[in-house]
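# coords below, sequence missing:
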């Protein structure tokens, strides 16, 4: 999927970003590349992969919770 210049202008208006005509082509190309990457990630087969709560399986070192009077 690729963006049209009208869509780029619409998104810029929603985000309240001023975009020059010279920048439209650049943003159109960059946003189209991002969508292509998302499409590529969606195509990956993840049926055999269990979801993670965190990418690193570490336990946090916690201090002892002791009430002290200062």
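Noted; the coordinates are in hand. Because the structure is predicted, anything quoted here is derived from the model rather than measured. Residues are numbered from 1 along each chain as shown.
# Need the single longest helix in this structure, by residues.
Longest helix in the chain by number of residues (criterion: DSSP state H): helix 21-42.
# and that helix, what other elements does it pack with?
Helix 21-42 sits against helix 5-14, with contacts defined as 3 or more CB pairs under 8 Å, 6 or more residues apart in numbering; DSSP states H and E. In short, each C-beta sits where N, CA and C put it, glycine included.
# Let me see the mean pLDDT of the helix it packs on.
Averaged over helix 5-14, pLDDT sits at 91.
# And stretch 41-51, by the same measure?
The model assigns stretch 41-51 a mean pLDDT of 89.
# distance between the ends of it?
Distance across stretch 41-51, first residue to last, is 15 Å (CA to CA, to the nearest Å).
# do stretch 40-56 as well
24 Å.
# do stretch 47-66 as well
45 Å.
# before we move on, what about stretch 14-21?
Span of stretch 14-21 from end to end, CA to CA: 17 Å.
# Can you point out the buried residues in it?
residue 19 (16 or more other CB atoms under 10 Å).
# Check stretch 58-68 too.
Within stretch 58-68, judged by 16+ other CB under 10 Å, no residue is buried.
# mean confidence score for it?
pLDDT averaged over stretch 58-68 gives 80.
# now it, how far from the centre of its chain.
Centroid separation for stretch 58-68 versus its chain: 33 Å, with CA atoms, centre = their mean, to the nearest Å.
# can you count the residues close to the closest residue to residue 5 other than its chain neighbours?
Of all residues not flanking residue 5 in the chain, residue 24 sits nearest, at 5.1 Å (CB to CB, 6 or more residues apart in numbering). Residue 24 has 17 neighbours, counted by other CB atoms under 10 Å.
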